[in-house]
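Asks: Provided below are the primary sequence and the corresponding predicted coordinates.
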Amino acid sequence: MSVLFVTGTGTEIGKTISTAAIAATALGQGRSVAVLKPAQTGVTPHEAGDAAEVERLAGPVTTLELARYPDPLAPATAAYRAGLPPVTPAEIAEAVAKLDASHDLVLVEGAGGLLVRFDAEGNTLADAARLAGAPVVVVAQAGLGTLNATALTALALRTYGLESPGVIVGSWPAVPDLASRCNLADLPTAAGAPLLGLVPEGSGALPPHDFRAAAPGWLAPALGGSGTCDGRGPDPADAA
């Protein structure tokens, strides 16, 4: 796949770090990578956003933001409060097509979950992915509550006619509890798609060199990685 949308089952679950892991793995294989953040919320004009964080961790990727809003809210609400125009699915799809023409892989990181509104008409990341004709990988939590949230996201994807290559656990705990361990077996059923990655908690704090070296071991071969996604993969510190 040359274009991949990345969504989450919620906020603050490791979506940006998972995107960086995919990007780092692709760069390590000699592929050119672009990262598109359609709507960056919750940062000022001079602060680094999610795309910049992906670049810091993964390496030399092309980054692009279509809009930036200061309030840490859903894009539609943040745009309204800032008095700025919202981002439309057509604008996202157009940007994806342009980046796809000059890169081996384009990663599109959404804001929050799949159905968070981008504009007053209720358009979402799902609408943009459908217009772009691209699959959507789901980043989920490890523990209690993740099965329901993942199943709901998978249902929404099917409703929109979107394909998903699988699900990534965005912050796999160093000492997983019973629910997290059981969810390794149950998440593929909830998602209706394979488990494609376990990104260790705290990975974003690794030095970039160590992050890039370890990232392929966190991802399954379907995403270019070498991981087994069984919860017994290498510790991120092993790359140091």
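Replies: Perfect, thanks for sending it.
Asks: burial count for Ala82?
Replies: 16 (other C-beta atoms under 10 Å). (C-beta placed from N, C-alpha, C; glycine too.)
Asks: grab the nearest non-local neighbour of it.
Replies: Tyr69 (4.9 Å; C-beta to C-beta, 6 or more residues apart in numbering).
Asks: was I right to think that neighbour contacts Gln40?
Replies: Yes - between Tyr69 and Gln40 there is a contact under C-beta atoms under 8 Å: 7.3 Å.
Asks: list the contacts of the residue nearest to Ala82.
Replies: 39-42, 75, 78-79, 81-82, 84 (C-beta atoms under 8 Å, 6 or more residues apart in numbering).
Asks: now do the buried residues in the helix or strand Ile168 falls within.
Replies: Ile168 is located in strand 167-172, with elements delineated by DSSP states H and E. If you call a residue buried by 16 or more other C-beta atoms under 10 Å, then strand 167-172 has these buried ones: 167-172.
Asks: pairing partners for that strand, with directions?
Replies: strand 136-140 (parallel), strand 195-200 (parallel) (DSSP bridges).
Asks: give the buried residues for the helix or strand just after that strand.
Replies: Note on strand 167-172: by DSSP H and E, the next helix or strand toward the C-terminus is helix 178-191. Neighbour-count burial for helix 178-191 flags 180, 183-184, 187-188, 190-191 (criterion: 16+ other C-beta under 10 Å).
Asks: between these, which is nearest Ile22?
Replies: Ala191 (16.8 Å; C-beta to C-beta).
Asks: tell me the contacts of that closest one?
Replies: Here Ala191 is in contact with 138, 140, 150-151, 153-154, 164, 166-167 (C-beta under 8 Å, 6+ apart).
Asks: just give the nearest non-adjacent residue to Thr11, would you?
Replies: Closest to Thr11 by C-beta to C-beta, 6+ apart is Gly112, at 4.9 Å.
Asks: thought that neighbour was touching Pro72?
Replies: No - counting by C-beta under 8 Å, Gly112 does not reach Pro72; the two are 10.2 Å apart.
Asks: more neighbours, these two?
Replies: Taking other C-beta under 10 Å, Gly112 and Pro72 do not tie; Gly112 has more neighbours (22 against 11).
Asks: what sits against that one?
Replies: Per C-beta under 8 Å, 6+ apart, neighbours of Gly112: 8, 10-11, 74.
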